[in-house]
Structure formats: C-alpha cells, structure tokens
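K.L.:
give the three-dimensional model of this entry:
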Amino acid sequence: MAVKHTSEITFKVGLDENRIPEQISWNAEDGGINNEPSKAIMLSVWDHKQKDTLRMDLWTKDMPVDEMKQFFHQTLVSMANSFERATNDEKMSATMRDFCDYFAEKLELIQK
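P.N.:
This next block holds a predicted model:
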C-alpha cells in the first residue's frame, strides 16, 4: 500500500537557562491545532528493531501538582482504552480500569 497522505504533529518547547521547560506548544494541522499551549507531554514511541519503548515526558515548571495527578489519571484511562482497541483483551482492560479507579480514589481525584 502506498502512502497517500502524510500528517505532521510538532511540539515546540521553550527552555530556560538550565534547559528546564518554560513553555510548550503544539501543532497538528490536520486536527485544526495551531500553536496550542500545553503544560505537559507524554510521548511513547515503539522501536520495533530493539523491541523497546522510547519515552519523552516533559512538563513546564508551572504545571500544578493537582493537574499533573489528573493528567496521569486520564493518561492511564486512555491507555486502558487504547489497549482494549489494540488487543481486544477485555479482561485485562477492565483490570487496568480498576487500577485507574483505585488510583483516582487514593489521590482523591474528582472524576469527570
């Protein structure tokens, strides 16, 4: 199958003198996102040659801890959903969601 279209997603990270993120913004033209600010990024890339996951986790200095907890919770929930779509493993996905509920309860997060 030949590639008929490409799509680009970019992140721009503004660093301070110690190379700590001050600002993060991103673009996804196909999704209508243009220079949208963000306070955190979690990106995973699968290296199929090494059979290993490469990770990039960045957050700005002014990312509030309560928002970071919520960000982690929502990321875990979305991973459970993605896992189910990718593997069709309903039992393990439900187990992952149970952990997400436990995580939210222990952190006293208000679920939306």
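K.L.:
which elements pack onto the lengthiest helix in the chain?
P.N.:
Assignment by DSSP state H gives helix 65-87 as the longest helix of the chain. Secondary-structure packing of helix 65-87 (3 or more CB pairs under 8 Å, 6 or more residues apart in numbering; DSSP states H and E): strand 40-47, helix 90-106. Yep, even glycine has a C-beta here, placed from its N, CA and C like the rest.
K.L.:
would you turn those into a markdown table with distance to M1, mean pLDDT and mean neighbour count?
P.N.:
Below are these laid out as a markdown table (distance: least, CB to CB, whole Å; pLDDT from 0 to 100; neighbours: other CB atoms under 10 Å):
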| stretch | distance to M1 | mean pLDDT | mean neighbour count |
| --- | --- | --- | --- |
| strand 40-47 | 20 | 97 | 12 |
| helix 90-106 | 29 | 97 | 13 |
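K.L.:
low-scoring stretches of this structure, by residue?
P.N.:
111-112 (pLDDT under 70).
K.L.:
and the helices and strands packed on helix 65-87 as TSV, adding distance to D62?
P.N.:
What follows is those, written out as TSV (distance: least, CB to CB, whole Å):
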stretch	distance to D62
strand 40-47	11
helix 90-106	24
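K.L.:
follow-up on the earlier one: buried ones in the longest helix of the chain?
P.N.:
In terms of neighbour count (16 or more other CB atoms under 10 Å), helix 65-87 has its buried residues at 70-73, 76-77, 80, 84.
K.L.:
can you tell me which residues contact the closest residue to D89 other than its chain neighbours?
P.N.:
Leaving aside its chain neighbours, D89 sits nearest to F83 (6.9 Å; criterion: CB to CB, 6 or more residues apart in numbering). Listed by CB atoms under 8 Å, 6 or more residues apart in numbering, the contact set of F83 reads 89, 92-93, 96.
K.L.:
now, among those residues, which is nearest to W26?
P.N.:
M96 (26.4 Å; CB to CB).
K.L.:
please name the nearest non-neighbouring residue to that closest one.
P.N.:
That would be A80: by CB to CB, 6+ apart, it lies 3.7 Å from M96.
K.L.:
residues in contact with the one you found?
P.N.:
93, 96-97, 100.
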